[in-house]
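Asker: just to be clear, the model below is a prediction. Sequence and coordinates:
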Amino acid sequence: MTQTTHFGFRTVAEEEKASLVRGVFDSVASRYDLMNDLMSAGLHRAWKNDMVGMLAPRAGMQIIDVAGGTGDIAFRMLKRAACEVTVCDINQHMLDEGRNRAIDRNLLHGVEWVCGNAESMPFPDASFDAYTIAFGIRNVTHIDLALQEAFRLLKPGGRFLCLEFSHLQHEWMQKCYDRYSFAAIPKIGAWVTGKGDPYQYLVESIRKFPTQEAFAKMMGSAGFGNVQFRNLTQGVVAIHSGRKF
Ligand code: SAM
């Protein structure tokens, strides 16, 4: 029997999801960074700074930023320390945009761009001191597999940090936020990129993502210890952290 999963609010065959997600990011890659600013009123910058601040990268640290897209997280890390960052993403167009941005910023050292799926990463066990993923894990078909891979890739003592859209702390806030996101974001997307559908998927996928507590439990099941989360902007996003002991 065909196993199914969700793609936003649609039910699709599991094997279809990765290519549907790839299609979403193919179609938005060139305007992705502008759209982030417009949709979040620039807040995504502060959220990303918070996650990188929590990690506090140090010189020589080997970090993998999964679903790293156009390099927003990697650039912040490299600005803070002479660390080595591997940006891994399933979508080559997003990586190409990132590489071009890196060239524009003269960031040619300390960063590598690798195409790969978070569920089966092309790296040996215990390769990295830290694993980060920002606004990526909700797009993955099997989140449990991605978490197991994160655990596998980390060295003992390694740190896992995940920044993701989450669930607001009060019901009335969630309702206002839903009203804004479902009404405005696909329209802004259509206006800027000429396509509203990818942004309809983005808002739906946010609603389908597990709650902060449920995701923390999934991290524990993958083997992480000291699992914690911090809500930012009342839970519009949350940063989950854990360690491989
Ligand atoms: N982390 C970047 C940022 O915060 O700006 C990009 C986030 S973007 C919303 C989501 C990224 O996840 C896209 O670049 C997409 O290609 C990537 N992605 C989706 N599914 C993936 C998977 N299974 N493995 C790796 N990357 C994936």
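Answerer: Sure thing, it's come through.
Asker: show me how far stretch 5-15 is from its chain's centre.
Answerer: 19 Å (Cα atoms, centre = their mean, to the nearest Å).
Asker: in it, which residues are buried?
Answerer: F7, G8, V12 (16 or more other Cβ atoms under 10 Å). Just so you know, the C-beta spots here come from the backbone N, C-alpha and C atoms, and that holds for glycine as well.
Asker: now, among the residues you listed, which is nearest to the ligand?
Answerer: Closest approach between the buried residues of stretch 5-15 and the ligand, by Cβ to the nearest ligand atom: F7, at 11.4 Å.
Asker: which residues of the chain fall in helices?
Answerer: 14-28, 32-40, 43-55, 72-80, 92-104, 143-153, 171-193, 197-208, 212-221 (DSSP state H).
Asker: the inter-axis angle of the second one versus helix 92-104?
Answerer: Same thing as helix 32-40. 100 degrees (axes from the mean of the first three to the mean of the last three Cα atoms, to 10 degrees).
Asker: hmm, who's touching stretch 201-209?
Answerer: The contact list for stretch 201-209, computed with Cβ atoms under 8 Å, 6 or more residues apart in numbering, reads 6-9, 20, 24, 138-139, 164-167, 178, 181-182, 185-186, 189, 215.
Asker: hmm, back to that, among the buried residues of stretch 5-15, name the ones in strands.
Answerer: F7, V12 (DSSP state E).
Asker: which of the buried residues of stretch 5-15 are close to the ligand?
Answerer: Near the ligand, taking Cβ under 6 Å from any ligand atom as the test, no member of the buried residues of stretch 5-15 is found.
Asker: quick one: residues contacting M35.
Answerer: The contact partners of M35, taken as Cβ under 8 Å, 6+ apart, are V28, I188, G189, V192, T193, Y199.
Asker: top of the residues you listed by neighbour count?
Answerer: G189 (25 neighbours; other Cβ atoms under 10 Å).
Asker: with adjacent residues omitted, what lies nearest to that one?
Answerer: Leaving aside its chain neighbours, G189 sits nearest to Y199 (3.1 Å; criterion: Cβ to Cβ, 6 or more residues apart in numbering).
Asker: next one: D72
Answerer: That would be K48: by Cβ to Cβ, 6+ apart, it lies 5.9 Å from D72.
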